[in-house]
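1. only the shape, not the letters, is given here:
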């Protein structure tokens, strides 16, 4: 199916480094999309240093083609192993796919 790319730019705006940080991508609906990389690990996020990560998203469900509403979404989480809650999260809306 059609493919998309999500690019995430991370900047630690705090005053201390964050160690063992994970970036997680979760597609919804889960059975409609394949993620090329579902997780990226950063040994350290230093204050003020820009880090970039990207992942590919492939639409697997042809029934989403031409849908009147948004086709789906990808949730992005930045997780610290010392916290039960994500440091930050975001939602990326996936465009409606066109199958040829």
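-> That came through, no problem. Because the structure is predicted, anything quoted here is derived from the model rather than measured.

2. would residue 63 count as being in a helix?
-> Yes: assessed by DSSP: H, G, I helix; E, B strand; the rest coil, residue 63 belongs to a helix.

3. how near is it to residue 92?
-> 21 Å (CB to CB, to the nearest Å). To be clear about C-beta, it is placed using only N, CA and C from the backbone, and glycine gets the same treatment.

4. who has more neighbours out of the two?
-> residue 92 (16 against 9; other CB atoms under 10 Å).

5. pLDDT weak spots in this protein?
-> 64-70, 97-100 (pLDDT under 70).

6. and the strands in it?
-> 3-11, 18-28, 33-35, 39-45, 50-59, 72-79, 88-94 (DSSP state E).

7. ok, and what's touching the first one?
-> The contact list for strand 3-11, computed with CB atoms under 8 Å, 6 or more residues apart in numbering, reads 23, 25, 42, 45, 48-59, 74, 76, 78, 90, 92, 94-95.

8. buried subset of these?
-> 23, 25, 42, 45, 51, 53, 55, 57, 59, 74, 76, 78, 92, 94 (16 or more other CB atoms under 10 Å).

9. among those, which one sits closest to residue 12?
-> Relative to residue 12, the closest of those is residue 45; by CB to CB it sits at 4.3 Å.

10. thought that closest one was touching residue 17?
-> Yes: between residue 45 and residue 17 a contact is recorded at 6.5 Å, counting by CB atoms under 8 Å.

11. any idea how far residue 42 is from residue 63?
-> To residue 63, residue 42 is 36 Å away according to CB to CB.

12. cool, residue 9 as well?
-> Residue 9 is 33 Å from residue 63, by CB to CB.

13. same check, this time on residue 51
-> Counting by CB to CB, the gap from residue 51 to residue 63 is 36 Å.

14. for residue 6, same thing?
-> 22 Å.

15. got the buried residues for stretch 74-92?
-> Within stretch 74-92, judged by 16+ other CB under 10 Å, the buried ones are 74, 76-80, 87, 92.

16. kindly report the same for stretch 40-47.
-> For stretch 40-47, a neighbour-count test (16+ other CB under 10 Å) marks 40, 42, 45 as buried.

17. closest to residue 29 among those?
-> residue 40 (22.3 Å).

18. all set, thanks.
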